[in-house]
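1. Model the following, please.
(one chain, ligands or ions: 1)
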Amino acid sequence: MDFIELRVKAPGELSDILVAELAEVGFDTFEDNDEGFCAYTTEDVFNPDDVAEIMSRYEGLGELEYSHRTITRQNWNAEWEKNFQPLVIADKVSVRAPFHPARPDLPYEIVIMPRMSFGTGHHDTTALMIENQLTIDHQNKRVLDMGCGTGILAVMAVHLGAASVLAVDVEPWTAENAADNAAENHVQDRVEARLGDVTALEGEAPFDIILANINRNVLLEDMGTYGQYLKAGGPILFSGFYEEDLPLIRAAAEQAGFTYESMRTSNHWVSAVFRK
Ligand SMILES: C[S@@+](CC[C@H](N)C(=O)[O-])C[C@H]1O[C@@H](n2cnc3c(N)ncnc32)[C@H](O)[C@@H]1O
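-> Residues are numbered from 1 along each chain as shown. Model prediction:
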């Protein structure tokens, strides 16, 4: 399957609105740049008419230019290698590719080969989730990472002491990539990557911790099911939505039996912690 890169030139506030709109029509990876941002999706999901319709609604609000190109699956690695810079989250967690120098000066290191999956740590939601994970006791816990992408949060969970992590994602290449990244970080014996959505959890006993960085609509839809798979007293960390959507997420979470604890924000994105 090939990928579509949509390059958008727009001022900051307009970019934020467009990212939210494009997320509704299948774009699930966004990278900021000096001129605006790039959005990515797969060819099967891409509909140029949807994009044109969104853009036409915002053309009057500022200088707006956009174009798209196809990136073949084979070229994807070269693309991300060119753009993937190592980063440090919360002064504690180094996230880097295998070809970057190691950071033994930091307590945690995650090595990621993102390929075509979401989750290099560069997106605000991933970094916010990791910051929240650092505040949660993972020692000997059984963790569910829903919407695992590269498996970055699953690796972090093991680094924080988790006994085992079930990492689930609906994208076929993602489950494979999460398994590869678990091996790259020498935690493959504690991470199981599985393809699917909430229905892939059938038969699982409740987890001690749930991590779910997905998107607003999936979280709202699956909230009740997450409730069935979390032990009483266990924390559930959500992300993948904007500050303006927190009231909706909070209402659904409370209905599912979770109590709100705290949240972090970055560039209007949220990661919130609830407890059952
Ligand atoms: C925002 S990314 C998060 C990736 C990674 N966990 C991170 O924190 O960087 C969301 C992921 O959720 C996956 N996803 C979308 N719908 C899903 C669903 N219904 N169930 C499970 N995963 C889903 C996407 O394929 C994508 O990999």
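
2. Could you confirm Glu31 falls within a strand?
-> Yes: according to DSSP: H, G, I helix; E, B strand; the rest coil, Glu31 belongs to a strand.

3. Correct me if wrong: it contacts Val8.
-> No: if you go by C-beta atoms under 8 Å, Glu31 and Val8 don't touch, sitting 10.6 Å apart. For the C-beta atoms, the positions are set from N, CA and C on the backbone; glycine is no exception.

4. can you pull the contacts of Ala20?
-> Tyr242 (C-beta atoms under 8 Å, 6 or more residues apart in numbering).

5. Contact partners for the residue nearest to Trp269 when sequence neighbours are not counted?
-> Nearest residue to Trp269, sequence neighbours excluded (C-beta to C-beta, 6 or more residues apart in numbering): Asp124, at 4.1 Å. Taking C-beta under 8 Å, 6+ apart as the criterion, Asp124 is in contact with 266-267, 269.

6. thinking again about what came up before, Glu31 and Val8 - which one has more neighbours?
-> Using other C-beta atoms under 10 Å as the criterion, Glu31 and Val8 rank with Val8 on top: 23 against 15.

7. ok, the more buried one to the ligand distance?
-> To the ligand, Val8 is 19 Å away according to C-beta to the nearest ligand atom, to the nearest Å.

8. Let the chain start at 421 from now.
-> Will do, 421 is the new start, and the previous item becomes Val428.

9. Next secondary structure element downstream of the one helix or strand in the chain whose mean pLDDT sits lowest?
-> Here the helix or strand of the chain ranked lowest by mean pLDDT, DSSP states H and E is helix 493-503, holding a mean of 62. Using DSSP states H and E, the helix or strand that follows helix 493-503 towards the C-terminus is strand 507-509.

10. Just the mean pLDDT for that next one, thanks.
-> Strand 507-509 carries an average pLDDT of 94.

11. now swap in stretch 667-680 and tell me
-> The average pLDDT within stretch 667-680 is 97.

12. Could you do stretch 427-440 as well?
-> 90.

13. quick one: which of the contacts of Asp544 has the most company?
-> Trp689 (21 neighbours).

14. Would you mind listing what in the stretch 521-670 of the chain touches the ligand?
-> 537-539, 545-546, 549, 566-569, 572-573, 588-591, 594, 617, 633-634, 638, 660 (C-beta under 6 Å from any ligand atom).

15. Strands - which of those land there?
-> Secondary structure from DSSP state E places 566, 588-589, 633, 660 of those in strands.
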